[in-house]
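Participant: Fold the following and give me the result.
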Amino acid sequence: MGRPEDYGAIPNGVTNCAAAINACILATNSCEFSDGTYIIGSPSMTTYGESTITFGWTPAQRDGVTFTGTGKTVLKLADGLCANPSFAVNGYEYRILQAIAEGGDGRVNIRNIRISGITFDGNYNGVNNNPAYPRLTTAGISTFGDNTIIENCTFQNFNVGSANATSFAIISMLSTNSANNAQGATVRNCSFKQPGRVSSYTYPGSPEQVVYIQVGGNLNASKIATGCVVSGNTIRGDVNTTDQLMPLAGVSIANTIGARVTGNNFDTYEGKCIYIDTGTNYQPLFSGNSAIDVPNFVSLTTQNYGRIYGPAFAIWNAQHNTPQFTGNTVRMKGPWNWNPALYAAWPAVFFGYVLDRDLDLTFPWFKGITFKDNNVDIPADAVQTRNLGGYWPPLSSFQSGIPFGPVPPEPVAAQIFFFFTGSSRVETVSLAA
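Facilitator: Numbering: from 1, shown residues only. I've put the predicted structure just below:
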């Protein structure tokens with residue numbers, strides 16, 4: 001096991017350690033960290049290797065790279081990176097760790113990565129500490145390859161910059177060259193804390209989301225991941241909803257079969273606990289999760305990406321195929337300030353969905369959505385099921401769940417099934433029916 005100190009790293013919270021960590025990986029395929037804070041990046045850096053932890057560039061780095069922390073190890077993005085966006089991804093996003101390699105598009109299968117015992121600090125406020133520069137998005141781990149395992153880590157202070165890129169604390173997907181049905185990622189026993197905030201900044205229009213965990217296959221190559229697991233994690237959001245500037249999403253899956261999201265704790269999370277808007281997901285199971293005093297337990301969204309981004313992106317369209325929600329304990333609490341830059345607060349919603357109505361509505365975008373044996377407390381000011389809207393032609397705009405003008409067909413309601421669900425009040429509301 002390599003030690004980055006042997007290559008020049010100093011975990012003193014001041015020294016840029018990115019190049020030393022990359023040298024350690026190149027030499028040993030591993031990093032065993034000490035207690036302390038390893039800074040990643042610097043406003044004065046001049047090379048890409050000083051800006052991020054990056055690997056997968058050689059064949060030896062594409063199988064079995066391991067990062068082991070002590071539980072008191074911190075990897076933290078440097079203050080003031082907004083003044084040097086040269087090495088940010090697409091000029092607007094700094095990441096702490098990425099396994100992507102040449103092309104930057106996931107074409108290289110970087111397999112069997114193991115990450116444990118590390119705190120990843122996006123340091124959003126520190127990265128964006130100079131008002132003379134646009135704010136950058138901060139992100140945590142980005143990997144493309146089979147069978148990544150991330151466990152016993154902490155993630156904090158990640159957020160969306162003014163260029164409006166989604167901030168992923170973890171995104172771990174298959175590569176375009178992974179086998180179809182290859183083993184997907186596991187994220188377990190990790191802690192996700194409050195996003196960073198610059199409260200004086202407001203977003204025009206609709207800002208992107210802070211997504212804590214996304215795992216799955218590969219959208220562009222239509223590869224399905226098997227056996228993705230998100231388990232035992234503690235997910236917390238913004239405790240001050242008046243300062244929540246963009247949507248928050250806890251767990252998302254994309255292009256999976258048999259994914260398991262189990263035993264996670266979302267209590268008091270101020271966002272969408274489970275949010276799925278991309279790819280086809282077959283038979284995912286969401287069980288044994290706790291979500292006490294949350295504004296939204298699950299949102300499923302199907303957008304027409306072919307219209308939004310171009311015909312090639314139609315393969316991104318989400319198909320929700322027989323998801324099952326069982327044994328979860330949920331208590332709803334509003335208001336739901338899910339996108340305050342665009343909408344007024346909504347009531348708490350146990351299950352919400354979005355469907356763009358310019359899609360082929362004879363296709364089963366939503367199929368067999370089943371809720372069984374959950375303990376759900378829905379107070380009088382909350383709703384169990386709500387159509388959150390979508391793109392409704394011929395109005396050519398995104399409508400909220402309260403329709404006006406021509407009302408399109410409602411193909412989703414017949415695919416939602418509630419079996420025994422303990423609740424103080426059970427109702428189903430379909431505002432577009």
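
Participant: Mind listing residues that contact stretch 307-319?
Facilitator: Stretch 307-319 is contacted from outside by 219-220, 222, 254, 276-281, 300-306, 356, 358-359, 363-365, 367, 391, using Cβ atoms under 8 Å, 6 or more residues apart in numbering. C-beta: built from backbone N, CA, C; applies to glycine.

Participant: Sort out which of the residues you listed are in helices and list them.
Facilitator: 305-306 (DSSP state H).

Participant: Let's see the PyMOL selection covering just the buried ones among the contacts of stretch 307-319.
Facilitator: In PyMOL syntax, the buried subset of the contacts of stretch 307-319 is picked out as below (16 or more other Cβ atoms under 10 Å):
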select buried, resi 219+254+276+277+278+279+280+281+300+301+302+303+304+305+306+356+358+359+365+391
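
Participant: Just the ones in strands from the contacts of stretch 307-319, please.
Facilitator: 254, 276, 280-281, 300-302, 367, 391 (DSSP state E).

Participant: Now residue 118: which helix or strand?
Facilitator: strand 114-121 (DSSP states H and E).

Participant: quick one: strands adjacent to that strand?
Facilitator: Applying DSSP bridges, strand 114-121 is found paired with strand 66-77 (parallel), strand 149-151 (parallel), strand 154-156 (parallel).

Participant: Now do the same for residue 125: helix, strand or coil?
Facilitator: Following DSSP: H, G, I helix; E, B strand; the rest coil, the label given to residue 125 is helix.

Participant: Relative to residue 161, how far out is it?
Facilitator: 12 Å (Cβ to Cβ, to the nearest Å).

Participant: And for residue 5?
Facilitator: 32 Å.

Participant: check which helix or strand covers residue 19.
Facilitator: Using DSSP H and E, residue 19 falls in helix 18-28.

Participant: Now do the helix or strand following that helix: everything it contacts.
Facilitator: Counting by DSSP H and E, the next helix or strand C-terminal to helix 18-28 is strand 30-32. Residues from elsewhere that reach strand 30-32 (Cβ under 8 Å, 6+ apart): 1-4, 21, 24-25, 65-68.

Participant: Which one of residue 125 and residue 161 is surrounded by more residues?
Facilitator: residue 161 (25 against 16; other Cβ atoms under 10 Å).

Participant: looking at it, that one is touching residue 133, isn't it?
Facilitator: No. Counting by Cβ atoms under 8 Å, residue 161 stays clear of residue 133, with 10.2 Å between them.

Participant: residues touching the closest residue to residue 236 other than its chain neighbours, list them.
Facilitator: Once flanking residues are discounted, residue 236 sits nearest to residue 193: 5.6 Å by Cβ to Cβ, 6 or more residues apart in numbering. Residues near residue 193 by Cβ under 8 Å, 6+ apart: 154-157, 236.

Participant: Dump stretch 81-89 to PDB, restricted to CA.
Facilitator: Taking C-alpha atoms only, stretch 81-89 is exported to PDB below (Å, rounded to 0.1, in the frame of the first residue of the first chain):
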ATOM      1  CA  LEU A  81     -10.300  27.800  -7.000                       C
ATOM      2  CA  CYS A  82     -12.900  30.100  -8.600                       C
ATOM      3  CA  ALA A  83     -10.000  32.400  -9.600                       C
ATOM      4  CA  ASN A  84      -8.500  29.600 -11.600                       C
ATOM      5  CA  PRO A  85     -11.100  27.700 -13.600                       C
ATOM      6  CA  SER A  86      -8.600  26.500 -16.200                       C
ATOM      7  CA  PHE A  87      -8.600  23.000 -14.900                       C
ATOM      8  CA  ALA A  88     -12.200  22.700 -13.900                       C
ATOM      9  CA  VAL A  89     -14.300  20.200 -15.800                       C
END
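
Participant: Show me where the stretch 301-433 of the chain has its helices.
Facilitator: 305-309 (DSSP state H, counting those that start in this stretch).

Participant: quick one: low-confidence ranges for it?
Facilitator: 338-342, 393-409, 420-433 (pLDDT under 70).

Participant: now with 80?
Facilitator: By pLDDT under 80, the low-scoring segments of the stretch 301-433 of the chain are 337-344, 389, 392-410, 420-433.

Participant: Read off the pLDDT value for the residue nearest the centre of the chain.
Facilitator: Geometric centre of the chain, nearest residue: residue 211, 2.8 Å, by Cα atoms, centre = their mean. Residue-level confidence at residue 211 comes out at 93, pLDDT.

Participant: Likewise for residue 185?
Facilitator: 98.

Participant: ok, and the closest non-adjacent residue to it?
Facilitator: residue 172 is the one closest to residue 185 (Cβ to Cβ, 6+ apart), at 3.7 Å.

Participant: got the phi/psi numbers for that neighbour?
Facilitator: phi -130, psi 110 (degrees, to the nearest 10).

Participant: Count the neighbours of it for me.
Facilitator: Residue 172 has 27 nearby residues by other Cβ under 10 Å.

Participant: cool, residue 130 as well?
Facilitator: 14.

Participant: Next up, the contacts around it.
Facilitator: 80, 82-83.

Participant: got a winner among the residues you listed for most neighbours?
Facilitator: Ranking the contacts of residue 130 using other Cβ under 10 Å puts residue 82 first, with 23 neighbours.

Participant: Looking at the helix holding residue 19 now, give me its mean pLDDT.
Facilitator: Averaging pLDDT along helix 18-28 yields 97.

Participant: What residues of it count as buried?
Facilitator: 18-26, 28.

Participant: okay, the residues you listed in JSON lines with distance to residue 419 next?
Facilitator: Below are the buried residues of helix 18-28 laid out as JSON lines (distance: Cβ to Cβ, whole Å):
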{"residue": "18", "distance to residue 419": "51"}
{"residue": "19", "distance to residue 419": "56"}
{"residue": "20", "distance to residue 419": "56"}
{"residue": "21", "distance to residue 419": "50"}
{"residue": "22", "distance to residue 419": "52"}
{"residue": "23", "distance to residue 419": "56"}
{"residue": "24", "distance to residue 419": "53"}
{"residue": "25", "distance to residue 419": "49"}
{"residue": "26", "distance to residue 419": "54"}
{"residue": "28", "distance to residue 419": "53"}
